[in-house]
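Participant: Here is a sequence together with a model predicted from it:
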Amino acid sequence: MIRPNEARGPHNSGLIAYIDAMNPDIVIPVREPAQTGCDDTILPFEVSALDLRGRIVRLGPAVDAILTSHDYPLPVAKLLGEAIVLTVMLGSALKFDGRFILQTQSDGPVRMLVVDFVSPSKVRACARFDAERVAAAIAAKAAAPGELLGHGHLAMTIDQGPDMSRYQGLVPLEGGDLEQAAHEYFSRSEQIPTRVRLAVAEEFRGGENGSRRRWRAGGILLQFLPKSFERARQADLDPGDAPPGAEPHVLPEDDAWVEGRSLVATVGDVELIDPELSSERLAYNLFHEHGVRVFRAAPIEAQCSCSRQNVEAMLRSFSQEDRDDMVEDGKITVTCEFCSSSYEFAPEEVAAKTPSQRADT
Ligand SMILES: [Zn+2]
């Protein structure tokens, strides 16, 4: 389980850098958009004429495997699905080997969401919630994402390994959903005009053994990254300690961005999850008037990174007293919160090594 990192390092350009460093190999000079959709992929694209860049995420079996294994109440599963799409969207742009961890902590019925992305393609996720409060919220028809989250914060951590510094961005959750939190993050911390759409739904399909429900999810991220400095100018965010009565510095939004964000606002949930609509076709439908270039699509897979070795090391890090408290029926059992894998140890297997044993290794 990942503990929240309380460190609030200075906001650096963690997210900007990897967006700029998007793989420049253009593999599709000019052709018709692909007709068939490809699940569990992420498609980066660019609309040069409008200085727009973006990514389309399409998840099928990967999100279904994660959400089905947990069997959370439906609105909790849907909310976690949205967090998975957002995490994949941001984490898949890391240009180095590392982890991207999205974590919420809030006072709503869903206390915590954790999505852990390991570059280039592995994702796992889990939620902690109060079952009674979730049931009450569902009964009161008050189980929208923002209502389940409540107030708290969302943290996005980039971890490049033990010898590298961690970067963490924090954004408050104030009763809104994850799309709103993402917009707030990019506006405040990164100062990049950004729009995000996230969609999660269950698909019902008839089959030989009765109908089967499958989770599907999708999303689109669009950012305005102008090459010229003039175009990149933005209105000041907040007058801050300006004297009372001072005119706030207001700049009109760039026309290209207004057009881009208006187009993304028209994208419906169905378009984001429809297996019949390819990501390329969606990008084309939105931006074909200006010309849209797509980059190589990258695969995504649901895979946990837990292992017997890691669990053993974790158990050894506790005191003998703590380990003694964990023994039940003569053994210590640890269940991974992400994938529900169960690891069993005899107490002596994880006891602190004696000096002579240490010398042996
Ligand atoms: Zn696991």
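Facilitator: Ah, there it is. Numbering: from 1, shown residues only.
Participant: Run a quick neighbour tally on Val258.
Facilitator: Residues within reach of Val258, counting by other CB atoms under 10 Å, total 14. No exception for glycine: its C-beta is placed from N, CA and C like everyone else's.
Participant: did I read that right, it in a helix?
Facilitator: Yes. Counting by DSSP: H, G, I helix; E, B strand; the rest coil, Val258 is found in a helix.
Participant: Give me the distance between it and the ion.
Facilitator: 44 Å (CB to the ion, to the nearest Å).
Participant: any idea of the pLDDT on that residue?
Facilitator: Val258 is assigned 95 on the pLDDT scale.
Participant: ok, now how distant is it from His290?
Facilitator: 14 Å (CB to CB, to the nearest Å).
Participant: The protein against the ion: which residues are in contact?
Facilitator: Contacts of the chain with the ion, taken as CB under 5 Å from the ion, map to Cys304, Cys306, Cys336, Phe338, Cys339, Ser341.
Participant: out of the residues you listed, which is most surrounded?
Facilitator: Counting neighbours by other CB under 10 Å, the top entry in the residues of the chain next to the ion is Phe338, with 23 neighbours.
Participant: Can you tell me the element it falls in?
Facilitator: Phe338 belongs to no helix or strand when elements are defined using DSSP states H and E.
Participant: Do I have it right that it meets Arg128?
Facilitator: No. Counting by CB atoms under 8 Å, Phe338 stays clear of Arg128, with 11.8 Å between them.
Participant: Around Gly207, how many other residues sit close by?
Facilitator: The burial count for Gly207: 7, using other CB under 10 Å.
Participant: Distance of it relative to Thr68?
Facilitator: Separation of Gly207 from Thr68 (CB to CB) stands at 15 Å.
Participant: and if you look at Glu147?
Facilitator: Going from Glu147 to Thr68 by CB to CB gives 24 Å.
Participant: out of those two, which sits in the more crowded spot?
Facilitator: Of the pair Glu147 and Thr68, Glu147 is the one with more neighbours under other CB under 10 Å, namely 18 against 15.
Participant: mind listing what the more buried one touches?
Facilitator: Counting by CB atoms under 8 Å, 6 or more residues apart in numbering, Glu147 makes contact with Gly108, Pro109, Ala137, Gly175.
Participant: which residue packs closest to the residue of the stretch 51-200 of the chain found nearest the ion, ignoring adjacent ones?
Facilitator: Residue of the stretch 51-200 of the chain nearest the ion, by CB to the ion: Arg124 (6.7 Å). Taking CB to CB, 6 or more residues apart in numbering, and ignoring the residues beside it in sequence, Arg124 has Phe338 as its nearest neighbour in space, at 4.3 Å.
Participant: now do Gln168
Facilitator: Using CB to CB, 6+ apart, the nearest residue to Gln168 is Thr157, at 4.6 Å.
Participant: helix/strand/coil for the residue nearest to the spatial centre of the chain?
Facilitator: Closest to where the C-alpha atoms of the chain average out (CA atoms, centre = their mean) is Thr87, at 1.4 Å. Here Thr87 is recorded as helix under three-state DSSP.
Participant: any idea how far stretch 313-326 is from the chain center?
Facilitator: When C-alpha coordinates are averaged (CA atoms, centre = their mean, to the nearest Å), stretch 313-326 and its chain have centres 32 Å apart.
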